[in-house]
Structures are given as structure tokens and as C-alpha cells.
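**Q** Predicted structure and sequence below. I'll ask about it afterward.
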Amino acid sequence: MMHYEYLVVPAPRRGLKAKGLKGAEARFAKALSDVMNAHAADGWEYQRTDTLPSDERDGLMMNRTTVFQNMMVFRRPSQPAPDTPSEPLPLIEDLTDDAPETEDIPAPVDDTPAADAPTEAPKPAT
């Protein structure tokens, strides 16, 4: 599962003057594209722009008013933690190289009588 980190920045309020641009729309588009390209150079992908409410104080009387802010949302894949292994660890450790050779292990001795062998009943004492 891919995990992301997000960056939220205020959208520009005014357009930027540039050579060859005419009209407020073109200057505003230039301001937006400059912000998007600057963050894209750092690996951020533009997602959307949201208008969000913000409660702010108004004047010395500390009256609160709600102001709406336009915020640009960017995301990029988050980097895994350096101590996190990139591959899953094996569930069972393989010790085949460390195990002793089978020639060194003596075969088990079977001391139990065989089930097929006839058993003699003990003789009564006389």
C-alpha cells in the first residue's frame, strides 16, 4: 500500500506580471503555474485546490469572523523509514547450512519390543 505525505500552501491571490501576458486571467494563470512548477520540482504532485473556513480575530475587540482561504494541496510518496526493511523478513529461519551432517548423528535405538513378536505368558510358580 502506497503512503503519501501532503503539503498545503495558500493559493496566490494576484497574478504575476510577465512579458507577453495580457489580461488578469493570464497573469493569474502564470502565478498558479509558477507555484505548481516550483513544488513539482521538489517532487510534489498537485492534487486540488480547496476553499476552507478560517476563524480569525477582527480588530482590538477580538471579534471573531470567518474568512475563507483558498489552499492548494500537493502530495508525494512518503519515504520509508531508514530502519524499515524493504523486503519482508522470512517467517522461518533457514539453518540448513548450520545443521550437523547426518553421519555425525547416531541412529536412534529402539528398546521397545515389537508388536508382532509373540509374548510368552509368565509361568506359574510351583
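**A** Thanks, I have it. All figures in this text were calculated on a predicted structure; none of them were measured in a lab.

**Q** Okay, helices next: where are they in this protein?
**A** Using DSSP state H, the helices assigned to the chain run over residues 24-41.

**Q** Where does pLDDT dip in it?
**A** The model of the chain has pLDDT under 70 over residues 80-86, 89-90, 94-107, 112-122, 126.

**Q** Count the neighbours of Lys123 for me.
**A** Other residues within reach of Lys123, judged by other C-beta atoms under 10 Å, total 6. All C-beta atoms are positioned from the backbone trio N, CA, C, and that covers glycine.

**Q** same thing with Pro108?
**A** 6.

**Q** list the contacts for Ala29?
**A** Applying C-beta atoms under 8 Å, 6 or more residues apart in numbering to Ala29 gives the contacts Gly15.

**Q** Verify the contact between Tyr4 and Phe74 for me.
**A** No: assessed by C-beta atoms under 8 Å, Tyr4 is found out of contact with Phe74, at 9.8 Å.

**Q** which of these two has more neighbours?
**A** The neighbour comparison of Tyr4 against Phe74 (other C-beta under 10 Å) goes to Phe74, with 21 against 11.

**Q** Please enumerate the strands of this protein.
**A** Secondary structure of the chain, counting by DSSP state E: strands at 4-10, 45-58, 63-77.

**Q** could those be laid out in JSON lines, adding distance to Lys22?
**A** Formatted as JSON lines, the strands of the chain follow (distance: least, C-beta to C-beta, whole Å):
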{"stretch": "strand 4-10", "distance to Lys22": "26"}
{"stretch": "strand 45-58", "distance to Lys22": "24"}
{"stretch": "strand 63-77", "distance to Lys22": "24"}
